[in-house]
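Asks: Any chance you could fold what I've pasted below:
(chains A and B)
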Amino acid sequence: MGRKWLGTWSPGFETLPGDPVTVIEYATTSQFRVMADPTCSIDDDDTRLRLPLFKPVNFDILPSSPPISISTNPRSTISCSVVTVTPVTFANSKLQTLTAEFNSISEPIDRVKRLIQYASQLPQLDDSVRVPANRVMGCMAQVWLDVRMDLDEMMRVLADSDSEITKGFCSCLISVLDGATPEEVLGMKTEDLGDLNVAGLHGTKVDSRVNT
Amino acid sequence: MMMSIEGVVLKLPSFSQLINPNRTPLKFRFNFPKSSSSSSYSSATASLSVPAAAPVSLGHSTRPDFEILHQKVNNGSKLVYLDNAATSQKPSAVIDAVNNYYKSYNSNVHRGIHFLSAKATDAYEMARRKVASFVNAPESSEIVFTRNATEAINLVAYSWGLSNLKAGDEIVVTIAEHHSSIVPWQILSEKTGAVLKFVSLTEDEVPDIKMLQDLLSKKTKLVAVHHVSNVLASVLPIKDIAQWAHDVGARILVDACQSVPHMVVDVQDLGVDFLVASSHKMCGPTGVGFLYGKSELLTAMPPFLGGGEMISDVFLDHSTYAEPPSRFEAGTPAIGEAIGLGTAIDYLSQIGMQKIHDYEVELANYLYENLHAIPGVRIYGPAPSETVHRAALCSFNVESLHPTDIATFLDQQHGVAVRSGHHCAQPLHRYLGINASARASLYFYNTKEDVDDFIRALEDTIAFFTSFK
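Replies: Here you go, the predicted model:
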């Protein structure tokens, strides 16, 4: 099932049966994740849960919350029970938003255009930052990365590349990481960022090594 | 399987007879209506009854043999494969030969006397003879099968190099060498104290032959050069360089990876001491390559890898070694793959290396002219002329575009496969002042239409990226 992280969920919002939402994993602890799956919809007789398409708010769940049954469209019924969930972070949610955005673009050429638009949003990097010390080695394109912590102890990321496509990826990375806490950045793994690559071009991971 | 032959399509006996009508008389069979006296038309030579067919290019006539070329990629574009300098495609004959080996007579070589083993050994040794004959080596024992050209160069570095070089000796290479002919010599230099000397380029972006001559001295023990450059597309005068090397008492090793697949290479005529090539660049399978080495050199060289096959007698405290080439072929070789290489050589020989070369010169010029005509394109290496023949490849950059962006878009939107990067030639790229380049490289099964597709696709790519600026 294609699950995409969209944000956290708050009760009290309604949606109609047939709306494309609804697979839920939730935990006994405070937060849970709402996934959007366009192939899912809510049954007519499922009155216990009505979900929005996308509402980024926090939600507290009670230990007594019952399992929710949702029917997928049209094949099987999914019964979500209590499962553990990774901590929801601001950076994570931004990453999921980004991945969802790219996955929603069906034409590969439009994904490239979107990536280049992201690239154009990057500020022009000062020559003092484009130095060998800031080079990310191992990549075919030249990538410069400058990472600092600001006065509020948030990570500030600057990046640039001589390749437009790579610059686009840098821009995406910055949109996720810039302003994140150090813990959030440390909490992200390369695999999480791999979704960006998948979402980027033609659905397969593209490796252009420099060690040939 | 798609047939893309131009001109009149008749029931043809074989493609090679079509492209070489002078070699054997063409025989055609026609079905005529009963009213004709069909018996007199049951076979005819081309000059009598065949309507004048449009000349079929080598690319068109050989394409049907390469099933892999007839596919669609990515967004439904047909594949235009222009990365032949990285690896070549294999004709059905080669694939069938490898399959047939595994299906019918797979068995370890030189080790058994049973039926399968004898057959496998014969086929493997026959492949060795084919390689020897292909490069005109006087003896098949002068052909050592390796994993690829890189391993062959390492073999020479470790075996010949370690026992022949000492501190202060010099190795002359060009800055345009492939990493496989730089790194092993660096390792050798570290181990022996020998010194590596580099020949740089002229203004025409070819290795400076004058500088090479000047670098040669009594201290030079080895000259290691490419025959054809995989980036610059230039060709070195190997015969002359070999002579100059021998004049100072040095040996010469030639990296023929980009020449053996594309033209006649005659080791005796060139006068080289060592020559290396890879099967996978010449329509053969991956996993096998070869080293040609003069008999007297190989005989004096100590082993490279130790193990079975390369020994004569094994005792607890020492072993004695086999004669070359076995001495340098430790362990079970890539038997099926070597046999596949033999079949690739048969295939190429049937077309004729001179014919392949002539066709590729035509393609090379066509590619260069059309690519050069695009504004903002910078091609590396010499410009083609009466005296300067380029190989059928172009490494290039487009102003203010990254080659990786170009290659990505070409592939994704147009199905055109080119390479982007430094093509295993970082020192060369550094010398040229660039980080990377894109490269389109052709082989005899490419056509002018492939070049047209590439040029159109590149123009579209440039327009796309330029629209954002």
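Asks: Looking at B:N74 now. What's its pLDDT?
Replies: If you check B:N74, the pLDDT there is 85.
Asks: How many neighbouring residues does the residue nearest to it when sequence neighbours are not counted have?
Replies: Computed as CB to CB, 6 or more residues apart in numbering or on different chains, the closest residue to B:N74 that is not its neighbour in sequence is B:Q412, at 5.4 Å. C-beta coordinates here come from the backbone N, C-alpha and C atoms, glycine included. By the measure other CB atoms under 10 Å in any protein chain shown, the count of residues near B:Q412 is 21.
Asks: which SSE is B:Q412 in?
Replies: Using DSSP states H and E, B:Q412 sits in helix B:403-414.
Asks: Tell me the first helix or strand C-terminal of the one helix or strand in chain A whose mean pLDDT sits lowest.
Replies: Every helix and strand in chain A was compared by mean pLDDT, DSSP states H and E; the lowest is strand A:77-80, with a mean of 37. Toward the C-terminus, strand A:77-80 is succeeded by helix A:90-103 as the next helix or strand (DSSP H and E).
Asks: could you give me the average pLDDT of that next one?
Replies: Averaging pLDDT along helix A:90-103 yields 84.
Asks: who does the one helix or strand B:K197 maps to pair up with?
Replies: Following DSSP H and E, the helix or strand that holds B:K197 is strand B:195-199. Using DSSP bridges, the strands paired with strand B:195-199 are strand B:170-174 (parallel).
Asks: what mean pLDDT does the partner strand have?
Replies: Mean pLDDT, strand B:170-174: 98.
Asks: Number of residues surrounding whatever residue of chain A ends up closest to chain B?
Replies: Nearest residue of chain A to chain B (CB to the nearest CB) works out as A:S163 at 3.6 Å. A:S163 has 26 neighbours, counted by other CB under 10 Å.
Asks: And for A:D126?
Replies: Residues near A:D126, counting by other CB under 10 Å: 11.
Asks: quick one: pLDDT of it?
Replies: The model's pLDDT for A:D126 equals 84.
Asks: how much space between it and B:E139?
Replies: Separation of A:D126 from B:E139 (CB to CB, to the nearest Å) stands at 65 Å.
Asks: in stretch B:339-346, what's buried?
Replies: Within stretch B:339-346, the residues that count as buried by 16 or more other CB atoms under 10 Å in any protein chain shown are B:339-345.
Asks: among those, which are within reach of chain A?
Replies: Checking the buried residues of stretch B:339-346 against chain A by CB under 8 Å from any CB of the partner chain, not one of them is in range.
Asks: Make a markdown table from those residues and add distance to B:Q354 and pLDDT to it.
Replies: Below are these laid out as a markdown table (distance: CB to CB, whole Å; pLDDT from 0 to 100):
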| residue | distance to B:Q354 | pLDDT |
| --- | --- | --- |
| B:I339 | 26 | 98 |
| B:G340 | 24 | 98 |
| B:L341 | 21 | 98 |
| B:G342 | 21 | 98 |
| B:T343 | 20 | 98 |
| B:A344 | 17 | 98 |
| B:I345 | 15 | 98 |
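Asks: and B:I252, that one's in a strand?
Replies: Yes. Under DSSP: H, G, I helix; E, B strand; the rest coil, B:I252 sits within a strand.
Asks: quick one, what contacts it?
Replies: Neighbour list for B:I252: B:222-225, B:238, B:241-242, B:245-246, B:271-274 [criterion: CB atoms under 8 Å, 6 or more residues apart in numbering or on different chains].
Asks: which residues does it bridge with?
Replies: For B:I252, the beta-bridge partners are B:V223 (DSSP bridges).
Asks: distance of it from B:A436?
Replies: 31 Å.
Asks: and what of B:N365?
Replies: According to CB to CB, B:N365 and B:A436 sit 26 Å apart.
Asks: ditto for B:V267
Replies: Computed as CB to CB, the B:V267 to B:A436 distance reads 34 Å.
Asks: What residue spans form the domains of chain B?
Replies: Residue ranges for each domain of chain B read B:58-82+B:352-467, B:92-350, as given by the TED database.
Asks: Figure out which of these is closest to A:S106.
Replies: domain B:58-82+B:352-467 (11.1 Å; CB to CB).
Asks: Show me what from chain B comes close to chain A.
Replies: Along chain B, the residues adjacent to chain A under the rule CB under 8 Å from any CB are B:74-75, B:179, B:401-402, B:404-405, B:408-409, B:412-413, B:420-424, B:435-436, B:465, B:468.
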